[in-house]
Structure formats: C-alpha cells, structure tokens
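Undergrad: I would like the atomic coordinates for the input below:
(one chain, ligands or ions: 1)
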Amino acid sequence: MIENRPIYGPEYEELRRNVRRFFATELLPNIDRWEEDGIIPKSLWLKAGQMGLLCPTVGPEYGGAGGDFLHLSIIDEELGYTGQASFTIQTHTDIVAAYVEALGTEEQKKRWLPRMVRGELIGAVAMTEPQAGSDLKAITTSARRDGDHFIINGSKTFITNGINADLIIVVCKTAPELGRNGVSLIVVEAPVEGFTRGKRLKKMGMKASDTAELFFDGVRVPVENLLGAENAGFKQVMHEIPKERLSIATIAMAAAQKAFDVTVAYVKERKVFGKPLIEFQNTQFKLAELKTQLTVGWAHLDHCIAKHLKGELTSDEAAIAKLFNTELQCRMVDECLQLHGGWGYMAETPISRMYTDARVRRIAGGSSEIMKVLIARTL
Ligand SMILES: Cc1cc2nc3c(=O)[nH]c(=O)nc-3n(C[C@H](O)[C@H](O)[C@H](O)COP(=O)(O)OP(=O)(O)OC[C@H]3O[C@@H](n4cnc5c(N)ncnc54)[C@H](O)[C@@H]3O)c2cc1C
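TA: Reported below is the predicted structural model:
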C-alpha cells in the first residue's frame, strides 16, 4: 500500500527506490552494531548528505535540491518502512532545517543550510526540560541579553541527536515575566564554552538514536544567532508544529505498514497444528482488521499531505493524523508481535524491535493526550 499512491507521480517513485536502496545497503546491515553503540556514526550522515537525503526542500542557492514536501515525505516513509527509525534525520531535516528555512535570515541560511544538506552539521532542537515537556511555556532555560550576546543558562533533556549535534536550536526564555510571549529560539553552535552534553540516555527502543541531556552554563551566543523574532518563539514553534506532526504521522504509518507486511509473510511460512498460521480464521480476521485500519490511515495521511501542499493543513488536522497513526502503529506492532508467538519476543526478530521503537511515537512531538486537547478545542 505504500507504493504507487496517487498523491505521488512516477518521478517520486524513482526517489523512493533510491532511498530504499540506500537504507538497505547503508543502514540496515549495520544497525545491530549501532544499536549497541547507542549512536549512528557521523559517516552515515555524510553519506546520506551525498545521496541528497538530508533537507531535500532546501533551495539550490543554499546547496539543496529545491524539492517539495513530497520529496521529504518519501524519505520519511522509507525511513519508517525500514522497520526501525533510529536514524533521526527527521529531527535534522523536518524540524531544524525547516526552522532555519522558515525563520532564518539570509546570512543564517547561507551559514548553516549548505552544511546541513551535506550532513556536515547535524541539527537538534532542545525544548524539553526535566520539569517541562508537554507544557512548553513552563521552561526555565534563560537567555539574558548582554551587549551583542545572549547568555544562556539552563538544562534540557531527552534531546534527539544530543550527542551528535553541532547546531542546536535552544528554546529559551528571553523575557520570563511575559510567559509564553517571552520565549525565543537561539541557535547554539557546538562546541562553545559553557555547553556540555550529559550522558547518552538509555532507552527501551530507538537505541541507535542518540538521546541526551544538554547543559548550558553561561553560554555566550552572538545575537546574530537569534532565529526569528525575539520573544516570538512560542508562536513560531506553534506555526511549524503541524508539519512536524505530519512527518511523525508519516513515519508511523510506514512503520505500521512494515510491521503488517513482515507479519503477513511470517504467518504464511509458520506452521502450527500442521498448517500455515494464515489458514486460521483468527489470523485472517486479525490481519483483515489491521489491513482495514491501514487503508483508512493511508487515505487520511494522503489527504493531510495534500492539504499541507496547499498550505491548508490546520493544527487540529495534524493532531488527528499524529494521534491516529501513532496509536495505529502501536496497536499494529502489538497484534503483529502476538502473531509471531515467542519468536516475536526475541530481540533477533524484526517485529520485536518495531515494537520497542514504536512506543515513543505516542509521547514525543506532543503526546496523544496533548493531541486530544488540541482536537477537543475545535469541538
Ligand atoms: C526518545 C525521545 C526523544 C525526544 N526528543 C526530543 C527532542 O529532540 N527535543 C525535545 O525538545 N524533546 C524531545 N523529547 C521530549 C518529548 O517531546 C516529551 O517527552 C513530550 O513532549 C512529553 O513531555 P514529558 O516527557 O515532560 O511528559 P509530561 O509533560 O510530564 O507528561 C506526562 C503525562 O501527562 C500527560 N499530560 C500532559 N499534559 C496533559 C494535559 N494537558 N492533559 C492531559 N494529559 C496531559 C502526558 O500526555 C503524559 O502522559 C523526546 C522524548 C523522547 C522519549
């Protein structure tokens, strides 16, 4: 169901084949080792850059291919369809580069985007703090103006690409007394004095993705690194977030499809009580239900992508896609693991990794509960 959808023309399908080949040859053969290391080496980022897989929408004037959102979606889909999405190019491309493209000055775009396209600069976005996740306005990391610099103090946690990142968009309070109207986005370029990275956090899934704590102790950042307008950070994040959630929904949908496809193949091979598992009505009914949910999920996803292409995707529609697809992914991996029996619980079986990788999707990028809050506001 992933291929040949009307939303994509034939030229995109060629990109899909190339991306799939790249992940099959460069990512999947090494993923076990990188899961043990807890990080993907920078060399893969450079190779992905050479292949044009990073920041495909960046224009040629900044070293990019000047593609559209469909190019980006294809890459997200193929990443999800690998069955493990620990190579967190979505954070780099769909969030960090997208913020620079949308909010950056000409000078900032020239300085950062070409190296982001090539994979020489890896991006991270640091919003979450130990005491503030869902409630972004409760952050306490501060950026105080001192002449032509900001001085940043505070700490962040759960930051994707936290160890590998060279360019970090830090969400800070520049006017704490103004609450959500006192938030700004400031780019920290590592290494810089006063900036340290905590230990790589151990996770239940997505183990090859480096997730870390970040500490800012009097970090001096030139005012030229302010991204967008001062004190407009909250509004800017809210403006960008539907697209980010659409990307998460896209990866979740493709990952759900992958779990389904490997399970269909498995139940045709596996014999129980003398016949293939697929011949049992329970198996057929389970898979029929799951196929139905996948079909509906793809249709809604394509509807949302089409709306986004027209600039019409609303925050609550993106929330619906994120909620539905990430919940579907988690149901899918659970039901599919069950159909694998004990083999599904073994780390060597792909569905086992898909199960543990999936869980974060209902939490990060806005939890399912926050999606419901957003949707409920439209009632
Ligand atoms: C692997 C991973 C990678 C991540 N990467 C990044 C990153 O790159 N950058 C970054 O900034 N952050 C990142 N995060 C953080 C992520 O975005 C937060 O974990 C998420 O927003 C939830 O915040 P929290 O963990 O503080 O949970 P909390 O906000 O403490 O929420 C706890 C529970 O309360 C629920 N809840 C919260 N508010 C409400 C409400 N109003 N109504 C009902 N229920 C509510 C939540 O849904 C959740 O179930 C990452 C997290 C993980 C696990």
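Undergrad: Neighbours of residue 276, how many?
TA: By other CB atoms under 10 Å, the residues close to residue 276 number 13. (C-beta placed from N, C-alpha, C; glycine too.)
Undergrad: Distance check, it against residue 300.
TA: Using CB to CB, to the nearest Å, one gets 32 Å for the distance from residue 276 to residue 300.
Undergrad: do the same with residue 230
TA: 38 Å.
Undergrad: Quick check, the residue in the stretch 201-350 of the chain closest to the ligand?
TA: residue 211 (5.0 Å; CB to the nearest ligand atom).
Undergrad: how does this structure divide up, domain by domain?
TA: 10-121, 124-231, 234-376 (automatic domain parsing).
Undergrad: To residue 3, which of those domains lies closest?
TA: Of all the domains of the chain, it is domain 10-121 that lies closest to residue 3, at 6.7 Å by CB to CB.
Undergrad: Now do the buried residues in stretch 250-260.
TA: Within stretch 250-260, the residues scored as buried using 16 or more other CB atoms under 10 Å are 250-260.
Undergrad: Of the domains of the chain, which is nearest residue 1?
TA: Evaluated over these, closeness to residue 1 peaks at domain 234-376, with 5.6 Å, by CB to CB.
Undergrad: Do a quick rundown of the strands in the protein.
TA: Secondary structure of the chain (DSSP state E): strands at 123-126, 142-146, 149-160, 167-173, 183-189, 195-200, 211-222, 226-227, 271-272, 275-276.
Undergrad: possible to save the ones you listed as CSV with distance to residue 82 and mean pLDDT?
TA: Shown next, in CSV, are those (distance: least, CB to CB, whole Å; pLDDT from 0 to 100):
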stretch, distance to residue 82, mean pLDDT
strand 123-126, 21, 98
strand 142-146, 38, 98
strand 149-160, 17, 98
strand 167-173, 25, 98
strand 183-189, 30, 98
strand 195-200, 22, 95
strand 211-222, 19, 98
strand 226-227, 31, 98
strand 271-272, 28, 98
strand 275-276, 27, 98
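Undergrad: Could you look over those and pick the most buried one?
TA: strand 123-126 (a mean of 28; mean count of other CB atoms under 10 Å).
Undergrad: distance between it and the chain's centre?
TA: 11 Å (CA atoms, centre = their mean, to the nearest Å).
Undergrad: what do you get for stretch 321-336?
TA: For stretch 321-336 - counting by CA atoms, centre = their mean - the centre lies 16 Å from the chain centre.
Undergrad: Quick check: mean pLDDT of that stretch?
TA: Mean pLDDT, taken over the full extent of stretch 321-336, equals 98.
Undergrad: list the buried ones in it?
TA: Buried residues in stretch 321-336 (16+ other CB under 10 Å): 321-333, 335-336.
Undergrad: from this structure, which residue is nearest to the ligand?
TA: For the chain, CB to the nearest ligand atom, closest residue to the ligand: residue 133, 1.9 Å.
Undergrad: Who are the contact partners of the nearest residue to that residue once chain neighbours are set aside?
TA: Take residue 133 and drop its neighbours on the chain: the residue closest to it by CB to CB, 6 or more residues apart in numbering is residue 158, 7.6 Å away. Residue 158 is in contact with 128, 133, 201, 211, 213, 364, counting by CB atoms under 8 Å, 6 or more residues apart in numbering.
Undergrad: quick check, nearest of those residues to residue 287?
TA: For the contacts of residue 158, the residue nearest residue 287 by CB to CB is residue 364; the value is 28.7 Å.
Undergrad: residues near the closest one, how many?
TA: By other CB under 10 Å, the residues close to residue 364 number 17.
Undergrad: and what of the one 3 residues further on?
TA: In terms of burial, residue 367 registers 17 neighbours under the definition other CB under 10 Å.
Undergrad: And residue 11, by the same measure?
TA: 9.
Undergrad: Please apply the same query to residue 312.
TA: Neighbours around residue 312, by other CB under 10 Å: 10.
Undergrad: Residue 252 versus that one, what's the distance?
TA: Taken as CB to CB, the span from residue 312 to residue 252 is 22 Å.
Undergrad: Could you do residue 59 as well?
TA: The value you get for residue 59 to residue 252, if CB to CB is used, is 29 Å.
Undergrad: ditto for residue 42
TA: Computed with CB to CB, the distance linking residue 42 and residue 252 is 27 Å.
Undergrad: before we move on, what about residue 94?
TA: Taking CB to CB, one finds residue 94 at 13 Å from residue 252.
Undergrad: and residue 74, what does it touch?
TA: 8, 12, 15-16, 19.
Undergrad: Run through the helices of this protein in chain order.
TA: Using DSSP state H, the helices of the chain run over residues 10-22, 31-37, 42-50, 69-81, 89-90, 98-103, 106-118, 233-269, 281-309, 315-339, 342-345, 350-358, 368-376.
Undergrad: could I get those helices as a markdown table with distance to residue 182?
TA: Shown next, in a markdown table, are the helices of the chain (distance: least, CB to CB, whole Å):
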| stretch | distance to residue 182 |
| --- | --- |
| helix 10-22 | 41 |
| helix 31-37 | 40 |
| helix 42-50 | 34 |
| helix 69-81 | 32 |
| helix 89-90 | 29 |
| helix 98-103 | 17 |
| helix 106-118 | 22 |
| helix 233-269 | 8 |
| helix 281-309 | 30 |
| helix 315-339 | 22 |
| helix 342-345 | 49 |
| helix 350-358 | 36 |
| helix 368-376 | 21 |
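Undergrad: for those helices, which one sits closest to residue 146?
TA: helix 233-269 (18.9 Å).
Undergrad: what angle separates that closest one from helix 281-309?
TA: 150 degrees (axes from the mean of the first three to the mean of the last three CA atoms, to 10 degrees).
Undergrad: Would you mind listing the buried residues in helix 233-269?
TA: Residues of helix 233-269 classed as buried: 233-234, 236-237, 240-264, 266-267 (neighbour count, 16+ other CB under 10 Å).
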